[in-house]
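**Student:** below: sequence and its predicted model.
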Amino acid sequence: MELVKTQTRRFFPLIALIVLGVGFYCIPTQADSDKDKPKEKPPVKGALYKPVVDIEVIMHKVDDIYAEIEENLEKKRLRTIKKDAAFLAEMMNITQHFQKEKAWKDFSVKSRDILLKMHQAASKKDQATTAKLYKEVDAVCEGCHDKYDV
């Protein structure tokens, strides 16, 4: 038994060096991590988003959901309004790409931003602010519909 202890003590530094060497060998270096990185793609030329349907298709569904918000406000269904407002905000985010005219984009972005605020207000269960924002976005939507007849 004494012989085993002596040999273990004698070889311990060698074993420790081997373990450390293997450990350091396994640590990835900067060069290793660079070759694993995906190569950056060159910047995209042209539009990043291209509509696949006509604006009337989107606006038909937007109008349906929007009409439900008024009914849900009366019934104080803020949880439903929260989801609908977020969905409509994303739809407005998409509609900004349907025309290049600045006024079109401004209507889309403004309504998107108000709908995001409505989503936040409904998330906080703030009925009064949600109703106020509904009226704000309604005015923006009507202005856009009057100008563009969509």
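**Tutor:** Sure, I can see it. Not measured: the values here are computed from a predicted model.

**Student:** state the helix or strand in which the nearest residue to residue 147 once chain neighbours are set aside lies.
**Tutor:** Distances taken as CB to CB, 6 or more residues apart in numbering place residue 103 nearest to residue 147, at 6.8 Å, with adjacent residues excluded. Using the backbone N, CA and C atoms, a C-beta is placed for each residue, glycine as well. Assigned by DSSP states H and E, residue 103 belongs to helix 102-123.

**Student:** which other helices and strands does that helix contact?
**Tutor:** Applying 3 or more CB pairs under 8 Å, 6 or more residues apart in numbering; DSSP states H and E, we find helix 102-123 packed against helix 78-95, helix 127-148.

**Student:** can you mark which positions in that helix are buried?
**Tutor:** 104, 107-108, 110-123 (16 or more other CB atoms under 10 Å).

**Student:** now swap in stretch 81-101 and tell me
**Tutor:** Under 16+ other CB under 10 Å, the buried positions of stretch 81-101 are 81-82, 84-86, 88-89, 91-93, 95-96, 98.
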